[in-house]
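Chemist: this one's structure only:
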């Protein structure tokens, strides 16, 4: 009987479980840890980062930074028309040397010879104003030599209503330079305005800029008649006709710069809220009431509450005619020294607001207490609207010019404005709008660059792109001497930059920075992430053991 040897397989156990089963359980646990790691770290963390990222349109940061290096150069063409071509060339050479040091203007001088018959046929300067020689492109200037100028004016230089300057034969180049710089170009005013905008605390005080209305695409002009005592003082005034005859022609000249909407209103039983001082009768001076100049600001605040200037979003220019009641009439504005303001002009101007004129009723109306029906008070529209026009010119930016010896200008025939004054307004608005747009874009670029979680939607991005392009286009058009096109570009740049800077979407996450985002999400994710991150050690050890095990199998 033979016996066969039996082979038995030795099974390793750990406790009651086989080692292979324990190894598979360990593998499953490691696989689960790896899957959690992949889902949370590899997939979840980038997905969370992407979904919490704010939408930001790419912006032209480089182009915005380059705007600071751009030069605002106003190219202007000046034609010198002289009887003697050699004298004209000498004047052009001298004037060119003067303007080489200018920081804002680049003047191109062209010399032509004026025909004697043109000057001989003109019986007056007004006739020359209407001739073809005075027609010039916006911004260009004609210097016309008139040998017989002393026949028309005692001045050596006469500035016309159009873009033309008449000068006598003996006029020096120094005098012409002075006229061009101070009156027609107003370079110091432009430089002072730009400096005050770029460095408000370091620059020279810009009084004209503080008085001028801020840049806008449209304005409201509100003319108000205030009658605090309608029972005694009756005003049957045709305000609409006065506005049409005096203000409208001037505002039509300003139409290319902005839209002006004229409104009017009447206010009754509205006092000034200040008590004027009674000045008793003196020899040569009858009894009247005095309103101190220092009390004038206190008049505007209570009066403005009654005006309807707040019904529109456009800046409003207020012009008020105040007719004092008989109990406070006649009323005059006094300086602090006790002198009637501006030699008897009973009006004052408030910068960036408007003006007020005091129109006293006739003394016989106030003295008559027996008449039942009050006598109407007649309006001196020439004085009232003339004062308002003077105030309006200052508010829109037409400066008061300093006198130059032996230099005068043709008076305006109507309530309009001179063409070279309009060109000066164009230059002021162009430089103001381009500088403002540039500063706004730089501030916005710095803000959006430093705070990375502010939303920049497509509308804001388009506005910024459009503003940058308009600034660049405006500067290029200035270099070409195209004043009107440069104004339109500067206007578009200003409006687009302001629209981007004031867009409500920029404030959506302005006060929710990244540290607050982490403070919200870390307490949520950290308890889940700690076990996953700690399992990385076990995953590493498991992977290392697998590598060693495979190495041993290859050795065996």
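Modeler: The structure has been received and is ready for your questions. Here the structure is a predicted model, which is why all the values come from computation and not from measurement. Numbers count the residues shown, from 1 in each chain.
Chemist: so what's the residue nearest in space to the middle of the chain up against?
Modeler: What sits nearest the mean C-alpha location of the chain, by CA atoms, centre = their mean, is residue 215, with 4.0 Å. By CB atoms under 8 Å, 6 or more residues apart in numbering, the contact list for residue 215 reads 429, 432-433, 436, 494. Bear in mind the C-beta positions are built from the backbone N, C-alpha and C, glycine included.
Chemist: in three-state terms, label residue 317 for me.
Modeler: Counting by DSSP: H, G, I helix; E, B strand; the rest coil, the backbone at residue 317 sits in strand.
Chemist: that one against residue 218, yeah?
Modeler: No. Proximity of residue 317 to residue 218 does not meet the contact threshold set by CB atoms under 8 Å, at 11.6 Å.
Chemist: the two: who's more crowded?
Modeler: Legend: neighbour count by other CB atoms under 10 Å for residue 317 and residue 218, higher for residue 317 (23 against 12).
Chemist: phi and psi next, for residue 153.
Modeler: Torsion angles at residue 153 (phi, psi; degrees, to the nearest 10) stand at phi -160, psi 150.
Chemist: shouldn't it be in contact with residue 407?
Modeler: No. Contact criterion CB under 8 Å: residue 153 and residue 407 do not qualify, at 10.1 Å.
Chemist: can you tell me the SS state at the residue nearest to the centre of the chain?
Modeler: coil.
Chemist: which pLDDT value belongs to it?
Modeler: Looking at residue 215, its pLDDT is 89.
Chemist: pLDDT score for residue 177?
Modeler: 94.
Chemist: and it, what is it in contact with?
Modeler: Counting by CB under 8 Å, 6+ apart, residue 177 touches 94-95, 98-99.
Chemist: inside helices: which ones of those residues?
Modeler: Among the contacts of residue 177, the members falling in helices are 94-95, 98-99 (criterion: DSSP state H).
Chemist: I'd guessed residue 349 sits against residue 355; true?
Modeler: Yes. Counting by CB under 8 Å, residue 355 is a contact partner of residue 349 at 4.7 Å.
Chemist: more neighbours: the two, which one.
Modeler: Ranked by neighbour count (other CB under 10 Å), residue 349 and residue 355 place residue 355 first, with 20 against 16.
Chemist: for that one, which three-state class applies?
Modeler: With three-state DSSP as the basis, residue 355 sits in strand.
Chemist: how is this protein divided into domains?
Modeler: Split into domains by automatic domain parsing, the chain comes to 13-52+512-555, 75-185, 213-396.
Chemist: how far away from the center of its chain is the shortest one?
Modeler: Just to be clear, that refers to domain 13-52+512-555. 60 Å (CA atoms, centre = their mean, to the nearest Å).
Chemist: quick check: mean pLDDT across that domain?
Modeler: Per-residue scores along domain 13-52+512-555 average to 73.
Chemist: please, which helix or strand holds residue 86?
Modeler: helix 85-99 (DSSP states H and E).
Chemist: how far out from the middle of the chain is the next helix or strand after that helix?
Modeler: Following helix 85-99 in sequence order, the next helix or strand is strand 105-113 (DSSP H and E). Distance of strand 105-113 from the chain centroid (CA atoms, centre = their mean) equals 32 Å.
Chemist: given strand 105-113, what are its sheet partners and their directions?
Modeler: strand 74-82 (parallel) (DSSP bridges).
Chemist: and the angle for the partner strand with helix 85-99?
Modeler: Orientation check (axes from the mean of the first three to the mean of the last three CA atoms, to 10 degrees): strand 74-82 against helix 85-99 gives 150 degrees.
Chemist: thinking again about what came up before, which of the ones in helices among the contacts of residue 177 are buried?
Modeler: Neighbour counting with 16 or more other CB atoms under 10 Å marks 95, 98-99 as buried within the ones in helices among the contacts of residue 177.
Chemist: out of those residues, who's nearest residue 41?
Modeler: Relative to residue 41, the closest of these is residue 99; by CB to CB it sits at 69.4 Å.
Chemist: how much space between that closest one and residue 482?
Modeler: Distance, residue 99 to residue 482, using CB to CB, to the nearest Å: 20 Å.
Chemist: do residue 428 as well
Modeler: Where residue 482 is concerned, residue 428 sits at a distance of 17 Å (CB to CB).
Chemist: coming back round to it: I'd like the buried ones among the ones in helices among the contacts of residue 177 as a markdown table, with distance to residue 237 and pLDDT appended.
Modeler: Shown next, in a markdown table, are these (distance: CB to CB, whole Å; pLDDT from 0 to 100):
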| residue | distance to residue 237 | pLDDT |
| --- | --- | --- |
| 95 | 51 | 95 |
| 98 | 51 | 93 |
| 99 | 50 | 93 |
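Chemist: using JSON lines, lay out the residues you listed together with distance to residue 541.
Modeler: As requested, those are arranged in JSON lines below (distance: CB to CB, whole Å):
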{"residue": "95", "distance to residue 541": "90"}
{"residue": "98", "distance to residue 541": "88"}
{"residue": "99", "distance to residue 541": "84"}
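Chemist: tell me which element the nearest residue to residue 40 once chain neighbours are set aside is part of?
Modeler: Excluding the flanking residues, the one nearest residue 40 by CB to CB, 6 or more residues apart in numbering is residue 532, at 5.5 Å. Secondary structure from DSSP H and E places residue 532 in helix 514-555.
Chemist: list the helices and strands that helix packs on?
Modeler: For helix 514-555, the packing partners by 3 or more CB pairs under 8 Å, 6 or more residues apart in numbering; DSSP states H and E come out as helix 19-37.
Chemist: how about the helix it packs on: buried residues?
Modeler: So, applying 16+ other CB under 10 Å, buried residues of helix 19-37: 30, 33-34, 36-37.
Chemist: between that helix and helix 514-555, how big is the angle?
Modeler: Put simply, helix 19-37 runs at 150 degrees to helix 514-555, going by the same axes, to 10 degrees.
Chemist: list of residues touching the next helix or strand after helix 19-37?
Modeler: Proceeding C-terminally, helix 19-37 gives way to helix 45-51 as the next helix or strand, assigned by DSSP H and E. With contacts defined as CB under 8 Å, 6+ apart, helix 45-51 is touched by 521, 525.
Chemist: show me what the helix or strand that helix 45-51 is followed by is packed up against.
Modeler: Using DSSP H and E, the next helix or strand after helix 45-51 towards the C-terminus is helix 61-66. Packing partners of helix 61-66 (3+ CB pairs under 8 Å, 6+ apart): helix 419-450, helix 458-480.
Chemist: right, I'll call it a day here.
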